[in-house]
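> sharing a sequence plus its predicted fold:
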Amino acid sequence: MHVQEWLDTVPAAAVYAVVGLVIGLESLGIPLPGEIVLVSAALLSSQHGGVNPVILGACASAGAVIGDSIGYAIGRKGGRPLLAWLGRKFPRHFSEGHVATAERSFQKWGMWAVFFGRFVALLRIFAGPLAGVLRMPYWKFLIANVLGGIIWAGGTTAVIYYVGVVAESWLKRFSWLGLVAAVLIGVASMLVVKRKAKKAQTAPQEAEPEPVAAAE
């Protein structure tokens with residue numbers, strides 16, 4: 001079942017909890033589709049009066065910040081052996097190449113890597129644990145984590161919500177225009193067919209030759 005269709009079957013409170021949990025687990029270092037769940041829930045909120053986009057954005061932001069902080073603590077305690085273990089368990093996401101790329105980003109950009117990493121799928125998984133492994137000062141990590149989490153989660157929710165509202169409005173207009181166009185096309189087709197039928201009916205009469213008078 002599609003993510004949005006599934007979210008539509010559960011209460012609003014469950015939607016908030018699922019979004020916060022999935023994003024939190026992804027930020028913690030578990031490869032889950034947090035962005036897909038957030039986008040689906042935000043789109044749902046634009047079409048479903050029971051899902052409040054403000055509460056949704058707050059839950060997503062909280063999940064991102066808390067998950068990253070837990071990931072930081074785990075990475076700081078586990079160190080590089082943790083990255084090696086993750087590489088064996090999730091080779092697609094925590095391969096040596098991916099870890100090396102993320103590590104170079106952290107060494108070059110520092111806390112900005114945490115901030116901008118929130119907007120990149122791969123770094124979003126790495127940010128918390130890798131910052132802990134590299135022993136980035138927690139206050140720097142926390143500032144970048146909070147700002148990145150709020151702007152990413154809140155911004156994504158707001159953009160998708162308003163895009164969904166505008167799209168729904170346009171689709172409603174399009175449906176009325178489509179109905180009017182279908183009626184006009186139907187009427188025009190009927191008139192054309194009727195006219196052709198009338199021509200086809202009168203053509204044989206015009207083509208029929210006049211009888212020749214009998215010779216006297």
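Yep, that arrived.
> which helix or strand contains the residue lying closest to Gly71 once chain neighbours are set aside?
With sequence-adjacent residues excluded and distances taken as Cβ to Cβ, 6 or more residues apart in numbering, Gly71 is closest to Gly128, at 2.5 Å. Quick note: C-beta positions are derived from backbone N, CA and C, even for glycine. Assigned by DSSP states H and E, Gly128 belongs to helix 121-133.
> go on, Ala100?
Short version, using DSSP H and E: Ala100 is in helix 96-109.
> so for that helix, what gets flagged as buried?
For helix 96-109, the neighbour count (16 or more other Cβ atoms under 10 Å) marks His98, Val99, Ala102, Glu103, Ser105, Phe106 as buried.
> how close does the third one get to Gly132?
As judged by Cβ to Cβ, to the nearest Å, Ala102 and Gly132 stand 13 Å apart.
> what does the last one give?
Phe106 sits at a distance of 11 Å from Gly132 (criterion: Cβ to Cβ).
> likewise for the fifth one?
If you measure Ser105 against Gly132 using Cβ to Cβ, the figure is 15 Å.
> same question for stretch 35-50, mean pLDDT?
For stretch 35-50, mean pLDDT is 82.
> same question, stretch 99-111
76.
> likewise for stretch 122-133?
80.
> please apply the same query to stretch 151-165.
The model assigns stretch 151-165 a mean pLDDT of 86.
> any residues touching that stretch, and which ones?
Contacts with stretch 151-165, where a contact means Cβ atoms under 8 Å, 6 or more residues apart in numbering, come from 23, 35, 38-39, 41-43, 45-47, 53, 56-58, 60-61, 63-64, 118-119.
> pretty sure Val114 is in contact with Phe141, am I right?
Yes. Counting by Cβ atoms under 8 Å, Phe141 is a contact partner of Val114 at 5.9 Å.
> between those two, which contacts overlap?
With Cβ under 8 Å, 6+ apart, Val114 and Phe141 have common neighbours Asp68, Ala131.
> okay, those two: which has more neighbours?
Neighbour count, other Cβ atoms under 10 Å: between Val114 and Phe141, Val114 has more, with 29 against 23.
> output stretch 40-56 in CSV with nothing but the alpha carbons.
What follows is stretch 40-56 as a C-alpha-only set of coordinates in CSV (Å, rounded to 0.1, in the frame of the first residue of the first chain):
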residue,chain,number,x,y,z
SER,A,40,3.4,11.9,2.2
ALA,A,41,2.0,13.1,5.6
ALA,A,42,2.4,16.8,4.6
LEU,A,43,0.5,16.1,1.4
LEU,A,44,-2.1,14.3,3.4
SER,A,45,-2.5,17.3,5.7
SER,A,46,-3.3,19.5,2.7
GLN,A,47,-6.2,17.3,1.8
HIS,A,48,-7.3,16.0,5.3
GLY,A,49,-8.6,18.5,7.8
GLY,A,50,-7.8,16.2,10.7
VAL,A,51,-4.0,16.4,10.2
ASN,A,52,-2.6,19.8,11.4
PRO,A,53,0.5,20.8,9.4
VAL,A,54,1.9,22.9,12.3
ILE,A,55,1.7,19.9,14.7
LEU,A,56,3.1,17.7,11.9
